[in-house]
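J.: got a sequence here, can you build the structure:
(chains A and B)
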Amino acid sequence: KAGVTQTPRYLIKTRGQQVTLSCSPISGHRSVSWYQQTPGQGLQFLFEYFSETQRNKGNFPGRFSGRQFSNSRSEMNVSTLELGDSALYLCASSLYGEEAYEQYFGPGTRLTVT
Amino acid sequence: AQTVTQSQPEMSVQEAETVTLSCTYDTSESDYYLFWYKQPPSRQMILVIRQEAYKQQNATENRFSVNFQKAAKSFSLKISDSQLGDAAMYFCAYRGMTTDSWGKLQFGAGTQVVVTP
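T.: Alright, predicted model coming up:
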């Protein structure tokens, strides 16, 4: 099976712009979670989607949003970018069944805000 | 709220030797999952091993094994016969079973493992 894919891999944006990141889960996986990784804050949970519904959300401002499509692919959007949004954004997928609790990660999108 | 603590920022080990990484966590739940993930310089997070809290037996995966002490809320990772490819950042992660834990892993700060020839 193909692994989790994320596009684009690298992105440079200007403060105030918005950005959309994409994540395609492992085939058959229905849950997609997003994380932000920074040197200062480490790995922080953004949100989780299952069957096109956001089921859980981390402590991030409303500028961070996401959605999931019927094929389980997910996108996250960050509006009005700030310098502090520069980070590695990771998505992870899981089955959500007996072996659900293992999350498999994509390679990440490196976002730089200038 | 649950917290995960990794108190060792960096650990160094020689090839073929053994290294143990520490992780402690704080939770009021009785059922949960614990994981160790590895993040090499490529930044790809790789699942190393998982442990279900209801299982008393410690998990093992080839050269990787854990020492799970539920009462002490401790979950250490032992890497035996270390190889150069084991060099990476290792993260301990907690997954609860309540609805506010759906899809959410809580990570420690990580331990950088350096392997010397």
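
J.: how about chain B: which residue is closest to chain A?
T.: residue B:103 (2.7 Å; CB to the nearest CB). C-beta coordinates here come from the backbone N, C-alpha and C atoms, glycine included.

J.: show me which residues of chain B sit near chain A.
T.: Residues of chain B lying near chain A by CB under 8 Å from any CB of the partner chain: B:33, B:35, B:37, B:42-47, B:50, B:91, B:95, B:99-110.

J.: would you mind checking the residues you listed for buried ones?
T.: Buried members of the residues of chain B next to chain A, counted by 16 or more other CB atoms under 10 Å in any protein chain shown: B:33, B:35, B:37, B:44-45, B:47, B:50, B:91, B:95, B:101-110.

J.: so who does residue B:58 touch?
T.: By CB atoms under 8 Å, 6 or more residues apart in numbering or on different chains, residue B:58 lies in contact with B:51, B:65, B:66, B:67, B:68.

J.: quick check on these: which are buried?
T.: Among the contacts of residue B:58, those buried by neighbour count (16+ other CB under 10 Å) are B:51, B:65, B:66, B:68.

J.: so what's the residue count around the spatially closest residue to the second one that is not a sequence neighbour?
T.: On the basis of CB to CB, 6 or more residues apart in numbering or on different chains, the spatially nearest residue to residue B:65 that is not a chain neighbour turns out to be residue B:78, at 5.0 Å. Residue B:78 has 15 neighbouring residues, counting by other CB atoms under 10 Å in any protein chain shown.

J.: pop out the phi and psi values for residue A:81.
T.: Backbone torsions for residue A:81, taken as degrees, to the nearest 10, come to phi -60, psi 140.

J.: now for it, how many residues are close by?
T.: By the criterion of other CB under 10 Å, residue A:81 has 19 neighbours.
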